[in-house]
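Here is a sequence together with a model predicted from it:
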Amino acid sequence: MKIVVTGGAGFIGANLCGELSRRPEVSQVVVLDDLSSGRAENLQGTGADIVKGSILDRPLLEDTLAGAAAVVHLAARPSVAMSVADPEGCHEVNATGTLRVLEACRLAGAYAVVASSCAVYGDRPDNPKHEDLPALPLSPYGAGKLATEAYAQAYAASFGMRTLALRFFNVYGPFQAADHVYAAVIPAFADRALRGEPLLIHGDGLQTRDFTYVGTVVRVLADAVLRQVVSDAPVNVAQGSRTSLLELAAEFGRILDRPLPVEHLPAREGDIRDSRASCERLHRLFPDLERVPLETGLRRTLSWFRRSAAEEARA
Ligand SMILES: NC(=O)c1ccc[n+]([C@@H]2O[C@H](COP(=O)([O-])OP(=O)(O)OC[C@H]3O[C@@H](n4cnc5c(N)ncnc54)[C@H](O)[C@@H]3O)[C@@H](O)[C@H]2O)c1
């Protein structure tokens, strides 16, 4: 079974290629990535073949997808801030890019799973966030992700294609670099904690997030591909719990066995206060999915940070 992963050299993609390399049903994994935020080195040891190029390049897409049974579409500009600075550029990659990938999947007869985001909920006060709530994207990034889901559903309805749209919530884990364009809080905390610097928190630190270990996300993606799981509505992929940034800082301190000083910065404009997913639909479709406790996920993340720092020091 040949599987194509767009954006496969990025954080989630590299973890997915590792997971797919351990699945006996998978004979070939091909990554299509323009390396704008991903790194070819992330794929070392996975056996994945890399095609360097953009999902916007139709002939390249068609060539790459020839003979593929399934496509995991992760390629995107994953930054809300960048989408506000350049809405049309974001639309081109995240919305038009998704349309091109789905069209190429249709021509190849391939199953498609596409990456959406909890950003489609905007700052709705409802918690947990259930997929049937009306979407309320507040950024061009959120709007592009809503378009991603809508196109996946439209291709299923119009052409009978097998598709699945997944809404990821605050994914963290190995290969998520602290200097990525999308400045996620867990890699930033891990990096500063290991350097002995204070952890930086915007606002009072009581804002909460549904932190989801990347191992959970890639297990869902690999199972979806191998079982060709479909849904006519988007599916949240999350842990289903909420943790405040102050609790997160304290958890890092417990794991590292030393108090970690925290420095508060002004609150970020438009920061979402609370975010927790309803995982009913996820567990109905993936009943064997195991939750990875935050402590376990953070320990694995810190080990990866230590290993990468040691490798950098040796290089
Ligand atoms: N990390 C999270 O918490 C999170 C949350 C919600 C949704 N997502 C979505 O999951 C997907 C993967 O995110 P990630 O965190 O791994 O980000 P990432 O930046 O590490 O990965 C994105 C990859 O897409 C590639 N890419 C960008 N534009 C491309 C183009 N035009 N053609 C080909 N490749 C291109 C990048 O080089 C990169 O390797 C994205 O669609 C993102 O929007 C991530």
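Received, thanks.

all strands in this protein, in order from the N-terminus.
2-6, 28-33, 49-52, 70-73, 111-117, 163-168, 171-172, 199-202, 208-209, 212-213, 235-237, 243-244, 262-265 (DSSP state E).

Relative to Trp304, which of those is closest?
strand 171-172 (10.6 Å; C-beta to C-beta). C-beta here means a position set from N, CA and C on the backbone, and glycine is covered the same way.

Contacts made by that closest one with the rest, please.
For strand 171-172, the external contacting residues (C-beta atoms under 8 Å, 6 or more residues apart in numbering) are Phe11, Ile12, Ala184, Ile186, Pro187, Phe211, Thr212, Tyr213, Val214, Val217, Gly297, Thr301.

and stretch 282-290, which residues are buried?
Leu282, Leu285, Phe286 (16 or more other C-beta atoms under 10 Å).

do stretch 23-32 as well
Val26, Val29, Val30, Val31, Leu32.

Check stretch 71-84 too.
Buried residues in stretch 71-84 (16+ other C-beta under 10 Å): Val71, Val72, His73, Leu74, Ala75, Ala76, Arg77, Pro78, Ser79, Val80, Met82, Ser83.

same check, this time on stretch 198-207
Leu199, Ile201, Gly205, Gln207.

again, but for stretch 208-226
208-226.

do the same with stretch 184-194
Ala184, Val185, Ile186, Pro187, Ala188, Phe189, Ala190, Asp191, Arg192, Ala193.

Return the residues of this structure in contact with the ligand.
Within reach of the ligand by C-beta under 6 Å from any ligand atom, the chain has these residues: 6-7, 9-13, 32-38, 54-56, 74-78, 93, 97, 115, 117, 168, 170-171.

now stretch 247-265: mean pLDDT?
The average pLDDT for stretch 247-265 rounds to 96.

Start at 20, not 1
I'll keep to 20 as the first residue from here, and by that count the last item is stretch 266-284.

could I get it in PDB with only the CA atoms?
Output of stretch 266-284 as PDB, limited to C-alpha atoms (Å, rounded to 0.1, in the frame of the first residue of the first chain):
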ATOM      1  CA  GLU A 266      -0.600  24.000  35.600                       C
ATOM      2  CA  LEU A 267       1.600  23.200  32.600                       C
ATOM      3  CA  ALA A 268       4.500  25.100  34.000                       C
ATOM      4  CA  ALA A 269       4.100  23.300  37.400                       C
ATOM      5  CA  GLU A 270       4.000  19.900  35.600                       C
ATOM      6  CA  PHE A 271       7.300  20.800  33.900                       C
ATOM      7  CA  GLY A 272       8.700  21.700  37.300                       C
ATOM      8  CA  ARG A 273       7.600  18.400  38.800                       C
ATOM      9  CA  ILE A 274       9.200  16.400  35.900                       C
ATOM     10  CA  LEU A 275      12.400  18.300  36.100                       C
ATOM     11  CA  ASP A 276      12.300  18.200  39.900                       C
ATOM     12  CA  ARG A 277      13.000  21.900  40.400                       C
ATOM     13  CA  PRO A 278      10.900  25.000  40.700                       C
ATOM     14  CA  LEU A 279      10.600  26.900  37.300                       C
ATOM     15  CA  PRO A 280      10.200  30.600  37.500                       C
ATOM     16  CA  VAL A 281       7.500  32.100  35.400                       C
ATOM     17  CA  GLU A 282       7.500  35.600  33.800                       C
ATOM     18  CA  HIS A 283       4.200  37.100  32.800                       C
ATOM     19  CA  LEU A 284       4.000  39.200  29.500                       C
END
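
And the helices in the protein, which stretches?
30-40, 77-84, 99-104, 106-109, 116-127, 159-178, 204-214, 233-246, 264-275, 299-304, 313-333 (DSSP state H).

from these, which stretch is densest packed?
Scoring the helices of the chain by mean neighbour count under mean count of other C-beta atoms under 10 Å gives helix 30-40 as the most buried, with a mean of 25.

could you give the angle of that helix to strand 182-187?
120 degrees (axes from the mean of the first three to the mean of the last three C-alpha atoms, to 10 degrees).

Which other helices and strands does helix 30-40 contact?
When contacts are defined as 3 or more C-beta pairs under 8 Å, 6 or more residues apart in numbering; DSSP states H and E, helix 30-40 sits against strand 21-25, strand 47-52, helix 233-246.

how about the residue lying closest to Val50 once chain neighbours are set aside, what does it touch?
Distances taken as C-beta to C-beta, 6 or more residues apart in numbering place Gly27 nearest to Val50, at 3.1 Å, with adjacent residues excluded. By C-beta under 8 Å, 6+ apart, the contact set of Gly27 is 33, 35-36, 48, 50-52, 57, 62, 67, 69, 91, 93.

before we move on, the earlier item: quick one: which of the buried residues of stretch 301-309 is nearest to the ligand?
Comparing the buried residues of stretch 301-309 against the ligand with C-beta to the nearest ligand atom places Leu301 closest, at 14.2 Å.
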